[in-house]
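Participant: Dropping a prediction and its sequence here:
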Amino acid sequence: MTDLDGTLCGDDQALSELNGYWLEHHVAKRGSMLGYSTGRELPNYLNLVKQIGDRGVDIMRPDVLVTCDGTQIWWFDPGSEEPREDAVWAKKMSQGWDRERVRAAFKSSIRAG
């Protein structure tokens with residue numbers, strides 16, 4: 001598991017070297033899984049991957065992606081194009097969460113400030 005912003009992304013040459021090292025030493029020999037962690041939402045992560053690809057550098061597709069500072073987990077299943085949200089984690093994160101109450105409190109604080 002590695003952070004993306006300011007850690008894995010930012011040095012295209014180092015990213016390319018890491019890709020080769022990971023494939024040779026971890027996937028092929030150990031069957032390791034790759035995970036990324038980011039504060040970004042899934043669409044912003046996908047945009048980042050596209051931007052890096054547009055520069056001619058590949059960022060390896062992870063097995064798991066933790067987004068929104070840990071509040072969402074996405075699995076990239078072999079043979080599937082789209083990531084799959086971890087339903088168990090999504091349920092856990094939504095317990096006790098009242099979106100409309102938070103939205104109302106936010107709007108109230110903006111009016112008061």
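Facilitator: Looks like it came in fine.

Participant: List phi and psi for Leu34.
Facilitator: phi -110, psi 130 (degrees, to the nearest 10).

Participant: show me what contacts it?
Facilitator: Trp22, His26, Val27, Met60, Arg61, Pro62, Asp63, Val64 (C-beta atoms under 8 Å, 6 or more residues apart in numbering). C-beta coordinates here come from the backbone N, C-alpha and C atoms, glycine included.

Participant: try 7 Å
Facilitator: Residues counted as contacts of Leu34 (C-beta atoms under 7 Å, 6 or more residues apart in numbering) are Trp22, Met60, Pro62, Asp63.

Participant: distance of the first one from Asp5?
Facilitator: Going back to what we said before, that points to Trp22. 19 Å (C-beta to C-beta, to the nearest Å).

Participant: before we move on, the earlier item: got JSON lines for the contacts of Leu34, with pLDDT and neighbour count too?
Facilitator: Formatted as JSON lines, the entries for the contacts of Leu34 read as follows, by pLDDT from 0 to 100; neighbours: other C-beta atoms under 10 Å:
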{"residue": "Trp22", "pLDDT": "86", "neighbour count": "14"}
{"residue": "Met60", "pLDDT": "91", "neighbour count": "15"}
{"residue": "Pro62", "pLDDT": "93", "neighbour count": "21"}
{"residue": "Asp63", "pLDDT": "93", "neighbour count": "15"}
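
Participant: centroid residue for this protein?
Facilitator: Averaging the C-alpha coordinates of the chain gives a centre point, and the residue nearest to it by C-alpha atoms, centre = their mean is Leu65 (3.8 Å).

Participant: So that residue sits against Tyr36, correct?
Facilitator: Yes - in terms of C-beta atoms under 7 Å, Leu65 counts as a neighbour of Tyr36; the distance is 5.2 Å.

Participant: Between the contacts of Leu34, which sits nearest Arg99?
Facilitator: Of all the contacts of Leu34, Arg99 sits closest to Pro62, with 27.9 Å by C-beta to C-beta.
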